[in-house]
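**Q** here is a sequence with its predicted model. Questions after.
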Amino acid sequence: MVITVAQQKGGAGKTTLAANLAAALAPTARVALIDIDKQRSLAAWHRLRPAARPAIACQELSFWRLDAEIARLRAQVDCIFIDSPPQIETDARTAIRVADLVLVPLQPSPLDLWATEATLRLAAAERQPAALVLNRVPANARLTDTVRQSCAAAGHVLLPATVGNRAVMAQAFAQGLGAAEFAPKSPAAAEIAALVAAVRLAAGW
Ligand SMILES: Nc1ncnc2c1ncn2[C@@H]1O[C@H](COP(=O)(O)OP(=O)(O)O)[C@@H](O)[C@H]1O
Ligand SMILES: [Mg+2]
């Protein structure tokens, strides 16, 4: 399964969700990360990862090496997460092209929903399935319903699993961990587990 996390808006949670999904799957699957964002935040997370935790492979790549690297990795691992830069250029296009599923995080606001349009159009142009996931959902989530309705009206796939605005996300990230590793009993851990299930279902894996 190759999942590209894409969204032209920065700060949507691409890197955070890629790290958390990888960490959640690592105990039971061979997982690889590919960081094609020049900020290299996912690779930085990976460098912080304690050796005692389930291993995850990680590479920093330029987009033009993606095709060859994905072809090679598909034979070696069970699932690959590609973290992409916050813009819709050749990099993101290539990352979308090689994916089995494009995962598009967004915060529950109209502004963020508009910002997904370019990514969704790109996925459609490449005939790639895309699924939106609401991230940093506030406790009082009236806007979430509005965004859900807008997605349904536009025919977008919105995953049923959502991730709240959770302080443990940043704390775990700073230690190279997923939220479920950092705080196994936290609401964030349960949300990530549900997200893994939803992503697997959407990717048919
Ligand atoms: N569910 C969440 N709860 C709390 N903070 C989050 C959550 N998801 C992301 N963040 C924080 O939001 C910021 C942007 O997240 P990041 O993953 O870097 O977004 P992107 O990769 O899309 O630019 C980071 O400071 C991160 O710690
Ligand atoms: Mg990022």
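**A** Structure received. Ligands and ions are numbered 1, 2, ... in the order given.
**Q** and residue 126, what does it touch?
**A** Going by Cβ atoms under 8 Å, 6 or more residues apart in numbering, residue 126 touches 93, 96-97. For the C-beta atoms, the positions are set from N, CA and C on the backbone; glycine is no exception.
**Q** neighbour-wise, which one of those leads?
**A** Using other Cβ atoms under 10 Å as the neighbour test, these are led by residue 96, with 22 neighbours.
**Q** re the thing from before, now, which of the contacts of residue 126 sits nearest residue 45?
**A** When those are compared for distance to residue 45 (Cβ to Cβ), residue 96 wins out at 22.1 Å.
**Q** residues touching the helix or strand encompassing the closest one, excluding its own?
**A** Here residue 96 sits within helix 90-97, counting by DSSP states H and E. Contacts to helix 90-97, defined as Cβ under 8 Å, 6+ apart, come from residues 4, 6, 8, 36, 63-64, 66-67, 82, 84-85, 102, 119, 122-123, 126, 128.
**Q** restricted to buried residues, select those in PyMOL.
**A** To isolate the buried subset of those in PyMOL, counting by 16 or more other Cβ atoms under 10 Å, use the following:
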select buried, resi 4+6+8+36+63+66+82+84+85+102+119+122+123+128
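**Q** quick one: the helices in the chain?
**A** 14-25, 41-48, 66-74, 90-97, 110-125, 142-154, 167-173, 179-182, 187-203 (DSSP state H).
**Q** sorry, back to before: is the helix holding residue 96 anywhere near ligand 2?
**A** No - using Cβ under 5 Å from the ion, helix 90-97 stays clear of ligand 2, with a minimum separation of 11.9 Å.
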